[in-house]
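Enquirer: sequence isn't available, so here's the structure alone:
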């Protein structure tokens, strides 16, 4: 099965702590690495977890708060030191340009690779990237500044061809891919065999949804429905509900309510406020609403 | 005795490793904290070593390579989150403005404190800061881009008044400071007592010199002569002498030669290339020339 794996590089919030790094994650789809957010110290986390940095394909930035972007300059400079030549695509709010351009002009004028910045429309549900394995969509979150969530969706997977049918009809290897894609088969004696006889249905495509930072917002449910894994911020416990509202963040219970309403398979909560040295309270709160909840942690890997 | 103490926050070089952080140090003079350089992750190091961030007085940036400045955005944002109101002075090459201005415009427009950027002339020996306790000088280093070294020099310290003289002449408390500064004393019966009779000489003012990054450059010796502690970069071992020349860095032996010629009391070497997992070779090389050499390390504190 194609690899589809999330690695948490940082799941803290704006105020740095010795417990958690600021936001960053890697999505490994078929050995291509897609980064979501890039807080300060992300490149050191990549080192720590022995990531193959040369597999980094592109970077998706949810919004332009410092704890989601201040690791970019260092990462981009290091990619240059490592001799990267392939283009690097960054998807972010258009204002990223104001921050990135002076950096590139001063520090990046001799980078051996090119940075392509694709502006995101934070108010639209959009297909922003597509290759042979996946599609990536952005969708609006509800935060103090324009913020995008991301959905990584595996492309339709091939149907399973039945071993015994290959033998029975003596199907040649060159026809197998076509049949896996849903095609019927014409036998040597001119008889059409329906695909349903030859195959069983494909495993449904896997999806991963990233929602950080965001206030409690049921409007996002249509975009993330039935995800296999949902990462949803849970900056606060319910006791800090007012503070969550003021700052356009969510509580752990609210994250779990979104997960339940969206019928996801598993919820990972993160973006923990620096006030929590111990996260059991947040986990209990979320699990009371949605039992399939786990706490994010640096170095954690989730296989979809 | 007034505190005069250096803490190493990072002593690695441009390529990040899990062993060393990029360049940053704190100089604590009389409970005011002066930062030198601010590589990525510096604010996390401040947390790790439980530094009182609110004591941060100003920041001195040697040059505008990423491993000396990429920690600034995160640190400046965190100072804002912590509610700093006092001005923060940053001393750096004038081009720092090109990097700092867009950052402040986008991320710092609601900071509760003001950032004052003082441009350094990288080709001059200059007094750049002075308060009651110290003077800070910058001086030219020899690197690929304009780079300044820094000298922290304690101000002339008071002479020691002899306890027995206070008793013998019955000197009132209000006169003691004047005598410590070198003044003579007029007794009640109109007789002048020379200061040399009343006091012993002050301990000579302490000095700390920071030289990173720099090629081997004896031209710097007049600026750092007789320093109590010299931090000098030693990016490479002597075997990589050519690489050191090409990149305008120093070898450990060259750092030691500078220390010896400058007659400093102690040498700390740092800014280690990521190629060295074990630093014994660098230390041996330096100690062969200048025995009073130590390796820098994260968290290390040097009392002057």
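Expert: Nice, thanks for sending it over. None of the values given here were measured: they were computed from a predicted structure.

Enquirer: all contacts plus neighbour counts: C-alpha atoms, from now on.
Expert: Will do.

Enquirer: what separation is there between residue A:206 and residue A:8?
Expert: Relative to residue A:8, residue A:206 is positioned 18 Å away (Cα to Cα, to the nearest Å).

Enquirer: more neighbours, those two?
Expert: It is residue A:8, of residue A:206 and residue A:8, that has more neighbours when counted by other Cα atoms under 10 Å in any protein chain shown, with 21 against 18.

Enquirer: quick check, the more buried one in a strand?
Expert: Yes. Applying DSSP: H, G, I helix; E, B strand; the rest coil, one finds residue A:8 inside a strand.

Enquirer: from what I can see it touches residue A:21, true?
Expert: No. Assessed by Cα atoms under 8 Å, residue A:8 is found out of contact with residue A:21, at 9.7 Å.

Enquirer: quickly list what's touching both of the two.
Expert: Contact with both residue A:8 and residue A:21 is made by residues residue A:298, according to Cα atoms under 8 Å, 6 or more residues apart in numbering or on different chains.

Enquirer: ok, now which ones touch residue A:38?
Expert: Residues near residue A:38 by Cα under 8 Å, 6+ apart: A:22-25, A:61, A:67-72.

Enquirer: most neighbours, which of those residues?
Expert: residue A:23 (31 neighbours).

Enquirer: roughly how far does residue A:278 sit from residue B:32?
Expert: The spacing between residue A:278 and residue B:32, counted by Cα to Cα, is 33 Å.

Enquirer: tell me the residues of chain A that contact chain B?
Expert: Within chain A, the residues that sit near chain B (Cα under 8 Å from any Cα of the partner chain) are A:14-18, A:40-41, A:43-44, A:47-48, A:65-67, A:70-71, A:73-74, A:77-78, A:81, A:98-99, A:102-103, A:106-107.

Enquirer: chain neighbours aside, what residue packs nearest to residue A:285?
Expert: residue A:253 (5.4 Å; Cα to Cα, 6 or more residues apart in numbering or on different chains).

Enquirer: hmm, who's touching the helix or strand where residue A:174 lies?
Expert: Residue A:174 is part of helix A:173-180 when elements are defined by DSSP states H and E. The contact list for helix A:173-180 (Cα under 8 Å, 6+ apart) reads A:158-161, A:185, A:195, A:198-199.

Enquirer: Three-state assignment for residue A:58, please.
Expert: Taking three-state DSSP as the rule, one finds residue A:58 in the strand state.

Enquirer: got the contact list for the closest residue to residue A:199 other than its chain neighbours?
Expert: Nearest residue to residue A:199 in three dimensions, chain neighbours excluded: residue A:161, at 4.3 Å (Cα to Cα, 6+ apart). Shown in contact with residue A:161 (Cα under 8 Å, 6+ apart): A:176, A:179-180, A:198-200.

Enquirer: mind giving me the PyMOL select for these, buried ones only?
Expert: Only the buried entries of the contacts of residue A:161 go into this PyMOL selection, using 16 or more other Cα atoms under 10 Å in any protein chain shown:
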select buried, chain A and resi 176+179+180+198+199
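
Enquirer: closest one of the contacts of residue A:161 to chain B?
Expert: residue A:180 (45.9 Å; Cα to the nearest Cα).
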